[in-house]
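**Student:** okay, structure incoming, though there's no sequence with it:
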């Protein structure tokens, strides 16, 4: 008889219990949820979130048991004017401490009892030597280095810099769907040899299908695990696959899962935090605080800012191109002129 039917012919005990736990494929204590609502969502409002908004998201992440919360970018003010965006594009120590307090979060995380904070540093857009302080001077615990494949040499120096300063470091290879396999394998080889902790599969354009995510994550996991690294997944929802693709990556071995509340993020948005917490079986996660935050903050915001699945984002995802043109049309006077937008994107392709 099957286990579901009762008697398997085996003696009950620890082994049987382990098998039952293993059958709950979503209960994996090593899985980490990284909520990037403020960082990715900031791409839709020039990072101009009020302190009270960021504080509420932070409090929600703490109450929900989220492992890491990403506050924003470490953009270089010599490249981007300070008044061109809100504070979460730059994440100065004063701005972060004003919202989360003086190192309380990082100290709690170091003791194994709190949430970690992260920031993202874009290659060639961050004065990382100066603006990323030593870990013991910051509330941040995780630095996420993001680069395109041609920027990998710069990313390697950024990874070393953050590691030497005491941070946990991730690497996000952007626009992965446009990277040739040879270039990808070369990049993974040198990144795996660096002191990075986590290497991310990033579906920047929301163009991947589940079988592609499965294959890519398998490649990442094979190389990363051999070097003692973990793998993460960051998905966009252009084809309404961010949630499914995050699950696919998890089943293929990814252990860091990026999410945003109500899917708030650039363009079509990301894998919703509330969906992922509901899917995972770890009792440390709590859904109700996230639902309250979505109800109180995200729904009103959705009346002011346009994000989430729509046909223009679907089209850029299917065509594997950056969603900037879809963002422009959604911000225009004709946001639902789908056929016109399709014709513009495909002109000359027949």
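**Tutor:** Looks like it arrived, so ask away. Every value quoted in this text rests on a predicted model; they were computed, and no experiment measured them. Numbering: from 1, shown residues only.
**Student:** check which helix or strand covers the spatially most central residue of the chain.
**Tutor:** Nearest to the centroid of the C-alpha atoms of the chain, with distances taken as C-alpha atoms, centre = their mean, sits residue 258, at 3.3 Å. Per DSSP states H and E, residue 258 falls inside strand 256-259.
**Student:** and residue 121, by the same measure?
**Tutor:** Using DSSP H and E, residue 121 maps to strand 116-122.
**Student:** other residues contacting the longest helix seen in the chain?
**Tutor:** Assignment by DSSP state H gives helix 210-226 as the longest helix of the chain. Helix 210-226 has contacts (C-beta atoms under 8 Å, 6 or more residues apart in numbering) with 176-177, 184-185, 188-189, 192, 199, 201, 203, 208, 230-231, 233, 235, 241, 244-245, 248-249, 251-254. Using the backbone N, CA and C atoms, a C-beta is placed for each residue, glycine as well.
**Student:** averaged pLDDT, the strand holding residue 258. What do you get?
**Tutor:** On average, the pLDDT along strand 256-259 is 98.
**Student:** and that strand, what does it pack onto?
**Tutor:** Judged by 3 or more C-beta pairs under 8 Å, 6 or more residues apart in numbering; DSSP states H and E, strand 256-259 is in contact with strand 32-35, strand 198-203, strand 230-235, helix 242-251, helix 273-279.
**Student:** could the ones you listed go into a markdown table alongside mean pLDDT, distance to residue 145 and mean neighbour count?
**Tutor:** Below are these laid out as a markdown table (pLDDT from 0 to 100; distance: least, C-beta to C-beta, whole Å; neighbours: other C-beta atoms under 10 Å):
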| stretch | mean pLDDT | distance to residue 145 | mean neighbour count |
| --- | --- | --- | --- |
| strand 32-35 | 98 | 14 | 24 |
| strand 198-203 | 98 | 10 | 26 |
| strand 230-235 | 98 | 12 | 27 |
| helix 242-251 | 97 | 19 | 24 |
| helix 273-279 | 96 | 23 | 21 |
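**Student:** which residues touch residue 340?
**Tutor:** Contact analysis of residue 340 by C-beta under 8 Å, 6+ apart lists residue 334.
**Student:** surely residue 35 and residue 62 touch.
**Tutor:** No: using C-beta atoms under 8 Å, residue 35 is not in contact with residue 62; the gap is 10.5 Å.
**Student:** for the nearest residue to residue 252 once chain neighbours are set aside, give its distance to residue 231.
**Tutor:** For residue 252, ignoring the flanking residues on the chain, the nearest one in space by C-beta to C-beta, 6 or more residues apart in numbering is residue 217 at 3.8 Å. From residue 217 across to residue 231, the span is 6 Å (C-beta to C-beta, to the nearest Å).
**Student:** give the intersection of the neighbour lists for the two.
**Tutor:** Contacts common to residue 217 and residue 231, judged by C-beta under 8 Å, 6+ apart, are 201, 249, 253-254.
**Student:** what's the most distant pair in the residues you listed?
**Tutor:** Farthest apart among the shared contacts of residue 217 and residue 231 by C-beta to C-beta are 201 and 253. That separation is 10.3 Å.
**Student:** so what's the nearest residue to residue 209 once chain neighbours are set aside up against?
**Tutor:** Among residues not flanking residue 209 along the chain, residue 241 sits closest, at 6.9 Å (C-beta to C-beta, 6+ apart). Contacts for residue 241 (C-beta under 8 Å, 6+ apart) come out as 206, 208-210, 235.
**Student:** cool, and residue 316?
**Tutor:** For residue 316, the contacting residues are 205-206, 238, 267, 322-323, 325-326, 345, by C-beta under 8 Å, 6+ apart.
**Student:** one more time with 10 Å
**Tutor:** Contacts for residue 316 (C-beta atoms under 10 Å, 6 or more residues apart in numbering) come out as 205-207, 236, 238-239, 267-268, 322-327, 329, 341, 345.
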